[in-house]
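[1] coordinates only, no sequence provided:
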């Protein structure tokens, strides 16, 4: 994963067929997610969910962005909670970003967001909610390798990871959580018509073994 940035920079510097890059900053993404985590030891099965996110370009260099994601996990059969419990992770953020062209095909992208995370455990007769607010800061590269094919790589840092609760409570109560994480991401996206494309993305977190694949449909405006 660490070599992706270097590979993109080297490849972008090589001679390519002449064409105009078309990296849109006005789009809407809808994605199906498949995730795994060690947050509850080995008692959680892999989870599934969805993500909706988008950008809205402001002039030549800035853009607004936002995202919402939810994933639901079931407890494994090894856990006594398997038949009646669920672990739900939700994430939302809004913020602003800046993109700088490095070559005709390669953009450097940075962003700063305000975010909110929430984990919900539905158990026998009660629900426990953990939540936290914080920031997300990140940097990445977007490269149009050939016309219609985009390769992305990114590194984000946030202080909202699903960390240990600062206190415990039940019966519908809310519990604060703390933690920070670094998230590496890599994606390939193919635009099969001028305004619509598909994507495959992988994310890997430094906290609680979070790993995730996303298959997305992107509409450009």
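    Now that the structure is in, tell me what you want to look at. A quick note: this is a predicted structure, and the numbers were derived from the prediction, not measured. Numbering: from 1, shown residues only.
[2] can we go C-alpha only for contacts and neighbour counts from here?
    Fine.
[3] and the strands in the protein?
    With DSSP state E, the ranges of strands along the chain come out as 27-36, 47-58, 62-74, 86-101, 106-123, 126-146, 149-158, 174-176, 181-193, 196-205, 211-220.
[4] tell me who's in contact with the residue nearest to residue 69 when sequence neighbours are not counted.
    Once flanking residues are discounted, residue 69 sits nearest to residue 51: 4.2 Å by C-alpha to C-alpha, 6 or more residues apart in numbering. Listed by C-alpha atoms under 8 Å, 6 or more residues apart in numbering, the contact partners of residue 51 are 29, 30, 31, 32, 33, 67, 68, 69, 70.
[5] closest one to residue 146 out of the residues you listed, please.
    The closest of the contacts of residue 51 to residue 146 turns out to be residue 29 (C-alpha to C-alpha; 21.0 Å).
[6] who's in contact with that closest one?
    With contact set as C-alpha under 8 Å, 6+ apart, residue 29 has these partners: 51, 52, 53, 54, 216, 217, 218, 219.
[7] closest to residue 102 among those?
    residue 54 (22.8 Å).
[8] is it correct that residue 195 is in contact with residue 217?
    No. With contact defined as C-alpha atoms under 8 Å, residue 195 does not count as touching residue 217 (10.8 Å).
[9] which of the two has more neighbours?
    residue 217 (18 against 12; other C-alpha atoms under 10 Å).
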